[in-house]
Structure formats: C-alpha cells, structure tokens
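**Student:** Take a look and give me a structure for this.
(one chain, ligands or ions: 2)
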Amino acid sequence: MKILFVLALCLAIVMAKPAEDLVKEVPDMGKFDQFDFYSGYLDIPNKQRKLHYVFAESQNDPANDPLVIWFNGGPGCSSMLGFVQEHGPYSMPDGEDTFYENPYSWNTEANMLYIESPAGVGYSYYWGDDNGESNDLASSEENYAALESFYQKFPEFLDNDLFITGESYAGIYVPYLAWQVLEHGKKYNLKGIIVGNGVANRTFMDGAFEGMGFWHNLYSLKMFDDILDNHCDFANIDIMEDGEEDTEKCEKLEKEFGELISSLNPYDVYRECYKSDSKDRLGSTIIDGKVKTYKRGMTAQEYTPFFFEGKGKTALGHVPPCVYASGTTDYLNRKDVREALHITTDQPWEICVGGERIFYTTGAKQSHWIYPILKDQNIRVLQFSGNADGVVPTQFTRDWIHSYGWPKVRDTAPFFAENDSKVGGYVEYYDGMTFATIIGVGHMAAQWSPAATKHAVYQFLKNEPIDQ
Ligand SMILES: *[C@@H]1O[C@H](CO)[C@@H](O)[C@H](O)[C@H]1NC(C)=O
Ligand SMILES: *[C@@H]1O[C@H](CO)[C@@H](O)[C@H](O)[C@H]1NC(C)=O
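**Tutor:** Ligands and ions are numbered 1, 2, ... in the order given. Reported below is the predicted structural model:
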C-alpha cells in the first residue's frame, strides 16, 4: 500500500512537468533523448505578456544539480543567443549555419533555464493594451513573475540550489532578480549569481576602452603619454554629466582612438568583425501564411545600446556591425523550428530588438548598489570578464569591484581548465565577490573560450576555488 502510494506520488511529480512543452528533437539541431528538454511560455499574471523559455535539464543528476537561469543583455537581446551560440547542448559557431554537439554545454551538471526577457524580445511577446514599455525595475518584477511561473510548471525544482546568471546588460537583470528574490522573503533556494562582462556603474566606463586598448597595443606609447599629460579621462565624451567641456586635445585624441579601432570588432579586438551589408541585412519567412521580414544582422548600437548612451557623434558611433547573427536568425525563423519550439506568436525572431518592439528605459541607479545587499545575505557572486572586450572592458569590471574596498580572502592566481596547460585566466577573491578574467577573448567569453569559462563557472557553482 505504502509502495503504491509512493509510486502514485512519484507519478504525480513526473506528471507535474508540462508535457506540452516537452521537445524530443529540433530539426537540424539535434535530438534530446539523453536529458529532458522543454520549450514554451511562462505566464506573467495580470499582464498581457508571455515570456518564452527553453529548459535543458542536467545530463547528470537533474534532481540534485543546481537550477541555473541565464539572461542575455541589450536591453533587447534574446537569451536564445546564449542557448544556440554560447553554452547550449548544441551550438552554431560564428560564420556557420550548422549545429554541433557542444562538449562545453553548461547543462552537463546543471539544469539550464534560458528566459527571453522582457516581453517583446525574441519569441517573448505582449498583446492588447500593453505598450511594450519596460525598465530595470519593471523587468526585474517581470522576471520574478516568470520565475514563479516556472516553479509552478516544474515544482520538482523548488528545492534545487538556484543560481541566476547572464552577460552584458544582464549585469542589471541578474542582480536585480536576485534582489527581488530576497525582497520576496527568499522563498527559493538562491545561492549565488554569475555575471559575464556585465554593466554595473557607468562611472567606471569612462576611459575603460581606451585603457584596455593601450594594454592590448591598439595604439602607441606616444599617444598614451599624450592622454596622461592632458589628463584625459574621456568622461565628458562618454557621459555629459558634469557639464564641463572636454578639452580640444582630449577630443582629438578620442577621435584618433576611434579611427584606430574603427575596423576592429569592439566585442573582441582579436576577433573577426562580421559585416552584414545592406542587401542581406533583411531576411524573410512565412509565419501563419504571412510573409514576415526580420533583421539578420545587427549593428553594435542595437546589440549594446548602453555603450552608446550620450556618446553623441564621436567616432565610436561608427563602430561597424560585427556580431555574427545571420545563421542563427535564419534558423530560428524556420517554420519547422518554430513549431518544434512551440512558438505561439507570429512575431519574427531577431537576436536584438530596439525601439520598434520594446520601449526600455535604462535606469540611472544601475546595479552597483545591489552587491552589498547580496553580500549581507550571503549570496555568492562571480564576475567573469573576457579581457579582449572593448564594450564592457575588464578594466571597468576590475575598477567598480575594487571601489567597494572589500578585503581579499585568497591570493590572486592564474587558473587552468581541466587538462589544459594554457592559462584560462586569473582569479581574485574578495569577501563578497569573486572576479575571474578569461584571457584572450571578449564579450562572449563563454562561446569563445568555452573550456576556461565553463571551468570558472562550474568551480563557482560547486563553491570550489577556481584556481584548482
Ligand atoms: C558609481 O560609483 C561611484 C564611485 O564609487 C559612486 O559615487 C556612484 O554613486 C555610483 N553610482 C551609482 C549609480 O551607484
Ligand atoms: C581529463 O583527462 C582525464 C584523463 O584522460 C579524462 O578522464 C577526463 O575526462 C578529462 N577531462 C576533460 C574535461 O576533458
């Protein structure tokens, strides 16, 4: 009798997973028969909004492995980018249009949940009277509501350790959502957060690209000396905050720097810049019998709008479009792919959307203020930073972390991915925050140095030192 009861209970738990969201195969991506994979929508109560999610259960021990949520940034960029290009079970390399099994998938020992946020981004949508407006606080409330909806669909994960992760503008989404969890009485088992090349406090962005540019030999010692001699911090160019006119000399140096880097990929100064010329910038597909067009590529301005705020018409405004997107964008607009993923909107999928679909106001508060709160509540924090990124440079991350003055708790050290003799990066341990660089790659460190990034992330999830 007892056994029967336990069996019935197990069955009830198994049944609790949403069968209608289960995906067995995605055409030309691969089969999902070694672990459960879901794609569907999370309701936002009292809103005319639904957020699309994909959920790849752990390949190891889903019942006990942590639940890890991932967000890409923008604002306006889709977390499907993380899933299809960075650390999903199958990934499409830059410049190609085929998927390969990804040995560095983050779901080998973690349950990976990707949420496209806010509504309007990717396959996530709003309808009716909703005007698509959002901001840092509203998006954190929406993400919290999505998390609650997720736990309603998958109650068996309520007790798993929870980690919230993401990159770039998710430097806002991630700590904000962690703060929401704390504000709601820490109902869930939140253990930590991870942010890659994330924003936090714009003040430290002043001159950060110029600083990293020098140490990556993008310009001469003579120019560096001129910058120092003229006390250029490029603050007035980056943000017109203090109302001071930047000196003519500094403006000239800034322009010179802009010209020197104009042919580089600002997201990774060592990497190819993918150019999408105007003729193949648009793609088209048929959804519900109607022809729809979509952007296949994007400009840096669309990808990281925060980078350009207040920059006016400096040379940086002409950063070329460099991020590879056409292969994944064509793929995710295929009818058979959308059907396999249970997509219920007729809106075409784009890697990043701007003012034509979401209306996002970025906040002045940013996320610098949240980290001391997380520290007080023993929420562990990892910041990792691909050190060839010019958009959210390592110098920026290092400096805002340093500004807290938190004591070091372990010596700074190089670290190595398993079986890898080449250094993966360097790690610093502060009381309240771990900071790992990922060397030789930029903004999408998880994609471009997958072994080192996964090593840092997994050691952190396991609460083990990264230099081990
Ligand atoms: C950014 O950092 C500076 C220097 O620590 C600080 O004065 C400022 O208040 C911070 N800005 C925000 C919005 O947290
Ligand atoms: C490292 O090498 C050992 C011994 O060859 C092997 O068992 C293990 O799977 C390797 N680890 C990775 C991450 O490749």
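
**Student:** switch to C-alpha atoms for all contacts and neighbour counts from now on
**Tutor:** Fine.

**Student:** Show residues contacting stretch 403-417.
**Tutor:** Contacts of stretch 403-417 from elsewhere in the structure, counted by Cα atoms under 8 Å, 6 or more residues apart in numbering, are 422-432, 451-452, 455-456, 466-468.

**Student:** swap that for stretch 445-455, sorry
**Tutor:** The contact list for stretch 445-455, computed with Cα under 8 Å, 6+ apart, reads 85-87, 104, 106, 196, 384-386, 416-418, 424-425, 438, 441-442, 466.

**Student:** if we can go back for a sec, need the buried ones from the contacts of stretch 403-417 selected in ChimeraX.
**Tutor:** To isolate in ChimeraX the members of the contacts of stretch 403-417 that are buried, counting by 16 or more other Cα atoms under 10 Å, one can use:
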select :424,425,426,427,428,429,430,432,451,452,455,456,466,467
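
**Student:** Confirm Glu142 sits in a strand?
**Tutor:** No: under the criterion used here (DSSP: H, G, I helix; E, B strand; the rest coil), Glu142 is helix, not part of a strand.

**Student:** low pLDDT regions in this protein?
**Tutor:** 1-15, 235-246, 276-281, 297-321 (pLDDT under 70).

**Student:** ok, which residues in it are in contact with ligand 1?
**Tutor:** Among all residues of the chain, those adjacent to ligand 1 (criterion: Cα under 6 Å from any ligand atom) are 201, 203, 364-366, 368-369, 403.

**Student:** roughly how far apart are the residue of the chain found nearest ligand 1 and Asn201?
**Tutor:** Each residue of the chain has a distance to ligand 1, by Cα to the nearest ligand atom, and the smallest belongs to Lys365, at 4.2 Å. Here the distance between Lys365 and Asn201 works out to 8 Å (Cα to Cα, to the nearest Å).

**Student:** between the two, who's got more neighbours?
**Tutor:** When neighbours are counted by other Cα atoms under 10 Å, Lys365 and Asn201 differ, and Asn201 comes out ahead with 20 against 14.

**Student:** Go ahead and confirm that one touches Ile370.
**Tutor:** No: under the criterion of Cα atoms under 8 Å, Asn201 makes no contact with Ile370, lying 11.0 Å away.

**Student:** Report the residue ranges of every domain in this structure.
**Tutor:** 21-202+365-461, 219-260 (automatic domain parsing).

**Student:** Out of those, which one sits most buried?
**Tutor:** Counting by mean count of other Cα atoms under 10 Å, domain 21-202+365-461 has the highest mean neighbour count of these, with a mean of 21.

**Student:** ok now it, how far from the chain's centre?
**Tutor:** Here the centre of mass of C-alpha atoms in domain 21-202+365-461, compared against the chain's by Cα atoms, centre = their mean, to the nearest Å, lies 6 Å away.

**Student:** can you give me the end-to-end distance of it?
**Tutor:** End-to-end distance of domain 21-202+365-461 (Cα to Cα): 27 Å.

**Student:** ok, now stretch 350-370?
**Tutor:** For stretch 350-370, the first-to-last residue distance is 31 Å (Cα to Cα).

**Student:** which parts of that stretch are buried?
**Tutor:** Residues of stretch 350-370 classed as buried: 350-354, 357-360, 362, 366-368, 370 (neighbour count, 16+ other Cα under 10 Å).

**Student:** Which ones among the residues you listed lie within helices?
**Tutor:** Ile370 (DSSP state H).

**Student:** from the buried residues of stretch 350-370, which ones fall inside strands?
**Tutor:** For these, membership in strands holds for 359-360, with DSSP state E as the criterion.

**Student:** okay, among the buried residues of stretch 350-370, which ones form the most distant pair?
**Tutor:** Spanning the widest gap among the buried residues of stretch 350-370 are Glu350 and Ile370, at 30.7 Å by Cα to Cα.

**Student:** How much space separates Phe37 from Glu272?
**Tutor:** Phe37 is 33 Å from Glu272, by Cα to Cα.

**Student:** Now do the end-to-end distance for stretch 264-273.
**Tutor:** Between the opening and closing residues of stretch 264-273 lies a distance of 6 Å (Cα to Cα).

**Student:** And stretch 127-146, by the same measure?
**Tutor:** End-to-end distance of stretch 127-146: 17 Å, with Cα to Cα as the criterion.

**Student:** Could you list the residues in contact with it?
**Tutor:** Stretch 127-146 is touched from outside by 42-45, 47-49, 51, 117-120, 126, 172-173, 176-177, 180-181, 357-363, 366, with contacts defined as Cα under 8 Å, 6+ apart.
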